[in-house]
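Trainee: Attaching a predicted model along with its sequence, questions to come.
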Amino acid sequence: MRFAFRLPDFIILIVACALVALYVGAGGGGFPLDDSWIHQTYARNLALTGQWAFVPGVPSAASTSPLYTVVLSLGYWLGVPFQLWTHGLGALALALCGMIGMRMGARAGATFVPGVKGIGLAAGLALILAWHLIWAGASGMETMIFCLMVLACIAWAWRRLPLTDALLARQRHAPTPYIHGLVFGFLGAVLTLARPEGAGLVALIGGAMLIARPNMTWRSVIVWGIAAGIGFLITLSPYLLFNVSVTGGLLPNTAAAKQAWAAPLLALDFVWRLRLLIEPLLAGGQALLLPGVVAFAFVVISKRQRAANGQNDDGDSGGRASGTPLHVALWLVPVVWSIALIVLYAARLPLPFQHGRYVIPALPTWIVVGVVGSAWLIRRASGMMIGRVLARTLALSAAAVFALFAVTVGLSAYRQDVAIIDQEMVTAAHWVADNLPPDELLAIHDIGALGYFAPRPILDIAGLVSPEVIPIILDGDALWALMQARDARYLMAMDDQIPNDDPSDPRLCPIFDTNGTLAPVSGGSNIVIYRLAWDRGC
């Protein structure tokens, strides 16, 4: 899967950058999540002080994506305006995602829908027009880089799957198994540094390689696996050692804090939790690609059966090398990944917030195989008038919905998300910077914007940088006791973030209200800053 830059790549680059710029302009250059400001705070502190800390001098492991933090810090180190650097990275990641997806679509299309042109370009354009991915590219979060690395790792594994006898001969001169394995191990570690659940995809690809053994002997597979493991561990070990030294575990604080916060949702029926996560992902053209996803899985498995019988797509003997029975494992990795990621979050962290942002990385592989499968359905239906009409209507509808949602629903959602963060978290942070002493302890739930605009000692009652909070995160009385024991002087929170969810608690003396207009009409509340009166007398 060579990566020579061609005209379709240029088209994808221009469209992706234009769409991200459109979203950023609509949001006024802000971010749609407070977590985006957490990344900015860590990155700035790393660049300016060399410390991995949210509060300078206090090491912490609240960055879920160390890769993204390091990449953002380069912008501060180079002196590039942080909005330009951050949104530029997002646009580039979206464009590269489209380019890799285009090549994956072309490769799968040539294998399973030979003779049908334009599948790769259709896959690439669908990726960059998916509004969830544009939102992610403009969000200031690691989501788009993680999506990019997901496709890069699968594409790298697919390189071992030859398409034709000519490519099979060419692949005999490909890198030796240990070099290929080392590179994959490095890519897998980078994927995991982008998001910890990336380790699951690494294991999935490793297992598929063990089953498929594409153009490799057992000895080559073992060498590949050992080399991949070495590359993975060497690249990842510094981050793991840091986490162990700070948190006592391999994962950052965010994992335990958010799981503790999501505990009530875990009491729901599993099917209900799946529904919570899937519903946000169905808003867009990707929903119309679901039949294509099913068709792709069907044609891959059926090709396996034909290959096992020594037949090609026309029923003749002598199937292609990529159609050998065991290769189905690698071809199905994108489908299994999309399903597995959603199931994992339903089982461990069923949070559907921000348009399902935790499971948005399931979309790129869903879209790529959905486009390929849809092309197969169209070709299969071409022999019947009604089938041809229905298949082409589905394809045209999907294209129209992708474009429509990109410039309407997605754009509107992004604009509102940014406005809420600006009206609430950013406004409150600026007020704190101008009005509260920087040496008095502030208890706070949403720490991102405050950490960036008003750095000071904090007690994070969400547990991201204050791990002592995690065991009592749902115990309001224990949180109040901790705040008093730590001599917190102020509390900054929305109504449902106050311990025991009681804004009328006599210990709370309101001194500032953002009075934002959007949060209340969106089902939330305004951020209020309180002076804490431990004698219960305001």
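Mentor: Sure, I can see it.
Trainee: and this protein, what are its domains?
Mentor: Residue ranges for the domains of the chain, per automatic domain parsing: 7-411, 417-532.
Trainee: Span of the first one from start to end?
Mentor: Translated: domain 7-411. Start-to-end span of domain 7-411 (CA to CA, to the nearest Å) is 27 Å.
Trainee: what about that domain, distance to the chain center?
Mentor: For domain 7-411, the gap between its own C-alpha mean and the chain's C-alpha mean amounts to 8 Å (CA atoms, centre = their mean, to the nearest Å).
Trainee: For that domain, what does the pLDDT average out to?
Mentor: Mean pLDDT, domain 7-411: 86.
Trainee: residues contacting the most centrally placed residue in the chain?
Mentor: What sits nearest the mean C-alpha location of the chain, by CA atoms, centre = their mean, is T143, with 3.1 Å. Contacts for T143 were tallied using CB atoms under 8 Å, 6 or more residues apart in numbering; they are A136, R357, I360, P361. Just so you know, the C-beta spots here come from the backbone N, C-alpha and C atoms, and that holds for glycine as well.
Trainee: repeat that with 10 Å
Mentor: T143 is in contact with 33, 65, 68, 90, 93, 132-133, 135-137, 194-195, 354, 357-358, 360-361, counting by CB atoms under 10 Å, 6 or more residues apart in numbering.
Trainee: Name the nearest residue to W376, sequence neighbours excluded.
Mentor: Of all residues not flanking W376 in the chain, V113 sits nearest, at 4.9 Å (CB to CB, 6 or more residues apart in numbering).
Trainee: swap that for A433, please
Mentor: Looking at A433 with CB to CB, 6+ apart, the closest residue is A454, at 3.7 Å.
Trainee: how deep is R486 tucked in, by neighbour count?
Mentor: By other CB atoms under 10 Å, the residues close to R486 number 14.
Trainee: Is it correct that Y345 is in contact with I339?
Mentor: No - contact between Y345 and I339 fails when scored by CB atoms under 10 Å: they sit 11.4 Å apart.
Trainee: and for the two, which residues touch both?
Mentor: A362.
Trainee: mind listing what's buried in the strand or helix carrying I38?
Mentor: Element membership of I38, judged by DSSP states H and E, is helix 34-49. Going by neighbour count (16 or more other CB atoms under 10 Å), the buried part of helix 34-49 is 34-47.
Trainee: Likewise for stretch 50-65?
Mentor: In terms of neighbour count (16+ other CB under 10 Å), stretch 50-65 has its buried residues at W52, A53, F54, V55, S60, A61, A62, S63, T64, S65.
Trainee: pLDDT averaged over stretch 479-495 - what is it?
Mentor: Along stretch 479-495, the predicted local confidence has a mean pLDDT of 96.
Trainee: can you offset everything so residue one is 138?
Mentor: With the count now opening at 138, the last piece we talked about shows up as stretch 616-632.
Trainee: Would you mark the buried spots in that stretch?
Mentor: Buried residues in stretch 616-632, counted by 16+ other CB under 10 Å: L616, W617, L619, M620, A625, R626, Y627, L628, M629, A630, M631.
Trainee: List just the nearest of those residues to G164.
Mentor: M631 (20.9 Å; CB to CB).
Trainee: Relative to R668, how far out is that closest one?
Mentor: 17 Å (CB to CB, to the nearest Å).
Trainee: about what we covered before: tell me which of Y482 and I476 has more neighbours.
Mentor: When Y482 and I476 are compared for neighbours, Y482 comes out ahead with 22 against 15, by other CB under 10 Å.
Trainee: Pretty sure that one sits in a helix.
Mentor: Yes - secondary structure of Y482 (DSSP: H, G, I helix; E, B strand; the rest coil): part of a helix.
Trainee: mind listing what it touches?
Mentor: E334, A399, R410, L411, L413, L414, L488, P489, G493, Y495, V496, A499.
Trainee: rerun that using 8 Å as the cut-off
Mentor: Counted by CB under 8 Å, 6+ apart, Y482 has contacts L414, L488, Y495, V496.
Trainee: mind giving me TSV with these and columns for distance to I595?
Mentor: Compiled in TSV, the contacts of Y482 are given as follows (distance: CB to CB, whole Å):
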residue	distance to I595
L414	31
L488	23
Y495	25
V496	30
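Trainee: For those residues, give me CSV that also has distance to L403, secondary structure and neighbour count.
Mentor: Conversion of the contacts of Y482 to CSV gives the following (distance: CB to CB, whole Å; DSSP: H, G, I helix; E, B strand; the rest coil; neighbours: other CB atoms under 10 Å):
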residue, distance to L403, secondary structure, neighbour count
L414, 13, helix, 22
L488, 11, coil, 18
Y495, 14, coil, 22
V496, 16, coil, 26
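Trainee: Okay, strands next: where are they in the stretch 188-337 of the chain?
Mentor: Here the stretch 188-337 of the chain has its strands, by DSSP state E, counting those that start in this stretch, at 190-192, 195-196.
Trainee: sorry, back to before: tell me the two of the contacts of Y482 that are most distant?
Mentor: Farthest-apart pair in these is L488 and V496; separation 9.4 Å (CB to CB).
Trainee: Nearest spatial neighbour of A540, chain-adjacent residues omitted?
Mentor: Of all residues beyond its chain neighbours, the one nearest A540 is L266 (5.8 Å), with distances taken as CB to CB, 6+ apart.
Trainee: wait, the one you found sits on A543?
Mentor: Yes - judged on CB atoms under 8 Å, L266 makes contact with A543 at a distance of 4.9 Å.
Trainee: which residues are in contact with both of the two?
Mentor: Residues touching both L266 and A543 comprise L156, with contact defined as CB under 8 Å, 6+ apart.
Trainee: thinking again about what came up before, as CSV, the buried residues of helix 171-186 with distance to P428 would be great.
Mentor: Supplementary listing: the buried residues of helix 171-186 in CSV, determined by distance: CB to CB, whole Å:
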residue, distance to P428
D171, 38
D172, 35
S173, 35
W174, 40
I175, 39
H176, 37
Q177, 41
T178, 44
Y179, 42
A180, 42
R181, 46
N182, 48
L183, 46
A184, 48
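Trainee: from these, which single one is nearest S439?
Mentor: For those, the residue nearest S439 by CB to CB is D172; the value is 43.2 Å.
Trainee: quick one, phi psi at A670?
Mentor: phi -110, psi 100 (degrees, to the nearest 10).
Trainee: Would you check that it makes contact with C646?
Mentor: Yes - the pair A670 and C646 qualifies as a contact (CB under 8 Å) at a distance of 5.2 Å.
Trainee: Poorly predicted segments of the stretch 538-675 of the chain, please.
Mentor: Counting by pLDDT under 70, the stretch 538-675 of the chain contains no low-confidence residues.
Trainee: all strands for it, in order.
Mentor: Assignment of strands within the stretch 538-675 of the chain using DSSP E, counting those that start in this stretch yields the ranges 579-581, 595-597, 627-630, 645-650, 665-669.
Trainee: which secondary structure elements does the first one contact?
Mentor: If I follow you right, that is strand 579-581. Identification of packing neighbours for strand 579-581 by 3 or more CB pairs under 8 Å, 6 or more residues apart in numbering; DSSP states H and E yields strand 595-597, strand 627-630.
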